[in-house]
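Asks: Please find the sequence and the predicted model below.
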Amino acid sequence: MSNDAATTSPLRPEGAPPADEAPTRGLGVSLPAADTRAKTEGTFPYASDLWAEGLLWAALLRSPHAHARILSVDTSAAREMPGVRAVITHEDVPGDSAYGRRIADRPVFAADTVRHHGEAIAAVAADHPDTARLAAAAITVEYELLEPVTDPERAFEAEPLHPDGNLVRHIPLRYGDPDAVGEIVVEGLYRIGRQDPAPVGAEAGLAVPRPDGGVELYLASTDPHADRSLAAACFGLEQDRVKVVVTGVPGATGDREDPGFQLPLGLLALRTGCPVKLAATREESFLGHAHRHPTLLRYRHHADAEGHLVKVEAQLLLDAGAYADSSAESLAAAVAFACGPYVVPHAFIEGWAVRTNNPPSGHMRGEGAMQVCAAYEAQMDKLAARLGVDPAELRLRNVLATGDILPTGQTVTCPAPVAELLEAVRDFPLPSLPKDTPEEDWLLPGGPEGAGEPGAVRRGVGYALGMVHMLGAEGTDEVSTATVRVQDGVATVICAAVDTGSGFSTLARQIVQDVLGVEDVRVAAVDTDQPPAGPAAHGRHTWVSGGAVERAAKMVRTQLLQPLAHQFGMSTELLQIADGRITSYDGVLSTTVMEAMAGKELWATAQCRPHPTEPLDASGQGDAFVGLAFCAIRAVVDVDIELGSVRVVEMAVAQDVGRVLNPAQLATRIEAGVTQGIGAALTENLRTSRGLVRHPDLTGYALPTCLDAPDIRIVKLVEERDVVAPFGAKPVSAVPVVTSPAAVAAAVRAATGRPVNRLPIRPQAAVAAATARG
């Protein structure tokens with residue numbers, strides 16, 4: 001966010017005390033993360049920094065083919081190499097040979113068939129990383145090449161690629177009257193590319209065998225208890241003999257430490273009896289972990305003459321890649337949100353997720369919702385053009401509000417200030433045109449050294465509205481457990497919620513500071529000896545784990561106040577903790593928290609579980625979501641109509657956040673989400689040719705950098721608290737990722753006058769559009 005943006009940001013409410021008088025701890029304060037200094041100085045221990053005495057190194061042999069039959073695997077040359085301690089294949093898996101977070105359909109090592117480029121076939125442990133890599137390369141595999149199925153539309157008629165078939169899930173959503181029609185009808189075909197999570201640090205981990213025959217896995221896991229369950233099943237061990245210890249997580253916008261990395265690691269440690277480390281190369285990272293689902297979307301929107309939506313028809317096809325992973329859940333989100341945050345009386349959506357021989361797809365921020373947002377917002381722009389109505393005005397005529405009903409039949413009970421968000425970005429002043437500020441350097445599309453001419457640049461403004469669901473969906477049991485312990489004036493939070501960069505560790509400290517008035521709060525390292533807290537996804541740790549911490553802290557608060565209340569003959573409700581002091585309503589009692597805690601050890605454990613949800617039924621109906629979050633973005637872009645290059649000038653963001661718990665942290669999360677969405681809109685696409693990944697590195701895969709990031713203006717944060725959420729807060733990271741690609745595409749359409757039906761936007765498309773317009 002630019003310096004100018006900070007002055008217009010609503011992160012500091014009107015009437016708030018000056019900065020030098022504001023609280024320095026508790027909720028609502030920009031408390032810095034405890035590990036900020038270590039990360040800044042480069043001393044923070046990440047998973048790739050792990051070490052152990054007698055360490056061996058692991059390497060994987062991966063398939064160079066997208067689809068092939070394995071005729072033979074000869075490991076003899078690798079086993080005979082000096083320094084090699086073990087070579088394992090599918091024959092050496094003592095437990096379950098296949099795994100999956102939802103469906104166990106993915107083999108630890110390919111046995112008879114390779115189904116995607118980069119699939120693991122064997123693993124090696126050696127005394128030096130170079131030896132391990134050379135030994136893996138020395139394994140000889142004889143393949144019979146098979147025709148890859150890379151077009152998801154072909155998957156319906158193709159021979160089964162997997163024993164479970166090619167169809168992962170089909171959802172037919174039926175809502176309203178199928179015969180309803182509108183006076184105005186617009187159609188569109190849209191394609192969304194394969195975005196990679198591209199974590200700052202590639203996958204790495206350490207496995208250490210235990211004397212009892214078990215193993216400890218040191219990983220940058222985002223869901224340690226789920227990882228332990230998969231590992232124990234694969235290793236043929238009871239769960240109490242497998243321990244997952246979470247190490248420094250170098251960023252995560254999807255699932256970290258794919259089991260395809262960690263399971264061979266543990267098997268090698270058990271086989272050799274030695275600690276084994278695996279540090280993936282960037283190429284291995286691209287080939288091994290899951291990506292955003294490439295999606296094909298066909299839409300038909302019906303509206304009346306005034307622009308009110310009548311019916312939406314859509315067909316959504318998600319490419320799951322070779323295995324199911326989280327495709328069923330991603331499809332549910334795509335189908336449920338296919339109409340966007342708009343009132344639609346009639347909706348008929350068909351959604352499919354299918355297996356192909358493309359790289360595997362899985363969880364990423366806003367999965368399912370991002371793809372459909374790009375499509376339904378393009379349709380809204382088409383309707384506005386047909387009706388001759390301002391695009392923002394058309395959206396305002398149709399926006400969703402609290403009390404409206406989704407096409408899934410679920411009533412929106414949470415705050416849904418969609419109109420307020422859109423009006424905020426619409427009314428925010430537009431950035432100056434270059435000709436109005438001749439004293440400033442104008443960064444042309446393509447960068448400061450771009451070869452374009454200012455006369456070829458056109459400016460466009462576009463709008464988008466997005467929505468995501470909070471927590472898990474369709475009956476997922478969302479529960480988290482936390483313990484708060486206080487001794488000698490120091491509070492410790494024990495909770496297996498992994499901080500992936502979301503700031504949960506900081507939030508936990510703020511909660512305890514707020515409830516107990518204790519300044520020194522520490523968060524214990526996460527491992528599976530603690531009760532489960534679930535995955536770090538969909539903002540669940542802010543809600544569920546934060547709720548558990550709050551409840552535990554309040555139980556400790558009661559333990560602290562009860563003796564004082566009894567001494568003064570009053571209930572604990574008449575005592576309050578503020579600024580490190582305990583006072584009674586009448587001023588009779590006044591003491592410090594530290595004095596009240598002297599010589600005591602207090603602790604409590606609590607759980608938080610939100611209200612249950614239900615799976616979508618055979619017609620796509622059901623109360624599948626705990627809650628929803630919304631965002632509006634106005635994008636301003638400059639397009640060079642000769643070169644086809646695009647520069648995002650400004651993104652104005654208004655977001656439904658429930659309550660601001662940490663202003664600086666919230667702003668950072670929104671800015672990061674917008675930037676990730678810009679990458680999906682303009683540059684990020686893991687390209688393949690006949691299933692083979694082209695350029696699996698950060699040279700061929702173009703991430704947005706600081707030079708690509710525009711001014712991000714957070715123009716409004718609506719703090720209408722969700723009464724069923726702890727603290728009333730909503731997750732903030734995913735919904736700007738969902739919304740920003742659609743907003744950028746809308747702005748490019750406005751600049752060029754032609755449809756933009758594919759993400760990321762290719763330069764040749766912008767050139768072609770401009771030429772046709774000219």
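Replies: Cool, the structure landed. Numbers count the residues shown, from 1 in each chain.
Asks: Show me which positions of the lengthiest helix in the chain end up buried.
Replies: Taking DSSP state H as the assignment, the helix of the chain that covers the most residues is helix 546-567. Neighbour-count burial for helix 546-567, counted by 16 or more other Cβ atoms under 10 Å, picks out 546-557, 560-561, 564-565. Every residue, glycine included, has its C-beta placed from N, CA and C.
Asks: Next: stretch 144-159.
Replies: Buried residues in stretch 144-159 (16+ other Cβ under 10 Å): 146, 148-150, 152, 155, 158.
Asks: how about those in JSON lines, adding secondary structure and distance to Arg397?
Replies: As requested, the buried residues of stretch 144-159 are exported to JSON lines (DSSP: H, G, I helix; E, B strand; the rest coil; distance: Cβ to Cβ, whole Å):
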{"residue": "Leu146", "secondary structure": "coil", "distance to Arg397": "52"}
{"residue": "Pro148", "secondary structure": "coil", "distance to Arg397": "46"}
{"residue": "Val149", "secondary structure": "coil", "distance to Arg397": "43"}
{"residue": "Thr150", "secondary structure": "coil", "distance to Arg397": "41"}
{"residue": "Pro152", "secondary structure": "helix", "distance to Arg397": "35"}
{"residue": "Ala155", "secondary structure": "helix", "distance to Arg397": "39"}
{"residue": "Ala158", "secondary structure": "coil", "distance to Arg397": "44"}
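Asks: which pair in these spans the largest distance?
Replies: Leu146 and Pro152 (17.4 Å; Cβ to Cβ).
Asks: Low-confidence stretches in the stretch 51-200 of the chain?
Replies: Along the stretch 51-200 of the chain, no part satisfies pLDDT under 70.
Asks: mean confidence score for the longest helix of the chain?
Replies: Averaging pLDDT along helix 546-567 gives 91.
Asks: repeat for stretch 380-390
Replies: 97.
Asks: Would you check how far apart the nearest residue to Gly691 once chain neighbours are set aside and Leu145 are?
Replies: Of all residues not flanking Gly691 in the chain, Ala66 sits nearest, at 2.7 Å (Cβ to Cβ, 6 or more residues apart in numbering). Ala66 sits 9 Å away from Leu145, going by Cβ to Cβ, to the nearest Å.
Asks: cool, Ala725 as well?
Replies: Counting by Cβ to Cβ, the gap from Ala725 to Leu145 is 53 Å.
Asks: what does Asp177 give?
Replies: 51 Å.
Asks: Ramachandran coordinates for Pro64?
Replies: Note on Pro64: backbone dihedrals following degrees, to the nearest 10 are phi -90, psi 0.
Asks: and the residue nearest to it when sequence neighbours are not counted, how many neighbours does it have?
Replies: The shortest distance from Pro64 to any non-neighbouring residue, by Cβ to Cβ, 6+ apart, is to His117 (7.2 Å). By the criterion of other Cβ atoms under 10 Å, His117 has 26 neighbours.
Asks: what about His117, which helix or strand?
Replies: Secondary structure from DSSP states H and E places His117 outside every helix and strand.
Asks: distance of it from Leu686?
Replies: Going from His117 to Leu686 by Cβ to Cβ gives 11 Å.
Asks: Spit out the residues that contact these two alike.
Replies: Jointly contacting His117 and Leu686 under the rule Cβ atoms under 8 Å, 6 or more residues apart in numbering are 359, 693.
Asks: Convert stretch 714-725 to CSV, retaining C-alpha atoms only.
Replies: Taking C-alpha atoms only, stretch 714-725 is exported to CSV below (Å, rounded to 0.1, in the frame of the first residue of the first chain):
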residue,chain,number,x,y,z
ILE,A,714,-7.9,0.0,1.1
VAL,A,715,-10.8,2.5,0.9
LYS,A,716,-13.2,0.9,3.3
LEU,A,717,-13.4,-1.9,5.8
VAL,A,718,-16.9,-2.7,6.9
GLU,A,719,-16.8,-3.8,10.6
GLU,A,720,-20.3,-5.3,10.9
ARG,A,721,-19.6,-8.1,13.4
ASP,A,722,-20.7,-11.6,12.6
VAL,A,723,-22.5,-12.5,15.8
VAL,A,724,-21.8,-16.3,15.5
ALA,A,725,-18.0,-15.7,15.0
